[in-house]
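Asks: sequence first, then the predicted structure:
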Amino acid sequence: MTTRTRRGLVFIGLVLLPFVVGLLFTYQVIKVDFQTNMGDQPALDYQDGPRLPPPAGVVPIQGQSLVLDRLPENPVPSDEVSLQRGEILYGIHCALCHGLTGGGDGPLVQYYGDRPPSDLIGPGVKGQFDGGLYRTLTQGFSRMPPMVENLTPRERWDVINYMRTLAK
């Protein structure tokens with residue numbers, strides 16, 4: 001590199017240095033706010049603005065809704081496929097509290113204290129309608145969390161069909 005080229009680069013560096021330092025200093029002192037957070041955008045809050053009704057005939061993405069004035073009937077037949085699916089789902093979502101046999105003796109019972117999980121093979125659960133069990137799975141009860149986010153409506157019916165076989 002020649003001396004003339006070196007001097008040119010040093011001159012350009014000295015000329016640009018105050019601008020770069022000034023920009024850095026300005027950002028640190030003035031704190032220029034850049035809109036990068038999605039939460040800062042204009043949007044409708046809860047119950048704000050007119051909501052359009054859904055078009056006629058749309059299928060809800062939440063699945064079958066619960067009707068509070070009557071219990072739903074079990075639309076899933078208790079066949080081999082339903083019982084196999086129900087056994088797998090019961091083992092994943094229910095057996096930790098209710099136990100593999102449904103006696104309310106799962107590994108988490110020690111943390112429940114004075115209110116252990118329900119005995120699924122006892123007369124209290126055997127006497128319930130399938131719709132009542134479906135409502136309990138959907139909404140939860142006491143310390144039992146709602147399974148509406150974990151299980152689809154079909155999967156909840158499969159678990160109920162499997163729970164009916166535990167008492168036999």
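Replies: Arrived safely, thanks for sending. Numbers count the residues shown, from 1 in each chain.
Asks: ok, then the element right after the helix of greatest length in the chain?
Replies: Of all segments of type helix in the chain, defined using DSSP state H, the longest is helix 3-30. Towards the C-terminus, the helix or strand next in line after helix 3-30, according to DSSP states H and E, is helix 80-93.
Asks: residues near Lys126, how many?
Replies: Using other C-beta atoms under 10 Å, Lys126 is surrounded by 13 other residues. C-beta here means a position set from N, CA and C on the backbone, and glycine is covered the same way.
Asks: wait, it sits on Ala167?
Replies: Yes - with contacts counted by C-beta atoms under 8 Å, Lys126 reaches Ala167, the gap being 5.3 Å.
Asks: which neighbours do these two share?
Replies: Counting by C-beta atoms under 8 Å, 6 or more residues apart in numbering, no residue touches both Lys126 and Ala167.
Asks: sorry, back to before: now do the longest helix of the chain: distance to the chain's middle.
Replies: 52 Å (C-alpha atoms, centre = their mean, to the nearest Å).
Asks: average pLDDT for it?
Replies: Averaging pLDDT along helix 3-30 yields 81.
Asks: that one packs against which elements?
Replies: Packing partners of helix 3-30 (3 or more C-beta pairs under 8 Å, 6 or more residues apart in numbering; DSSP states H and E): none among the helices and strands.
Asks: how is the protein partitioned into domains?
Replies: 3-34, 80-166 (automatic domain parsing).
Asks: ranking those by burial, who's on top?
Replies: domain 80-166 (a mean of 16; mean count of other C-beta atoms under 10 Å).
Asks: give me the distance from that domain to the chain's centre.
Replies: 19 Å.
Asks: over to stretch 160-168?
Replies: 27 Å.
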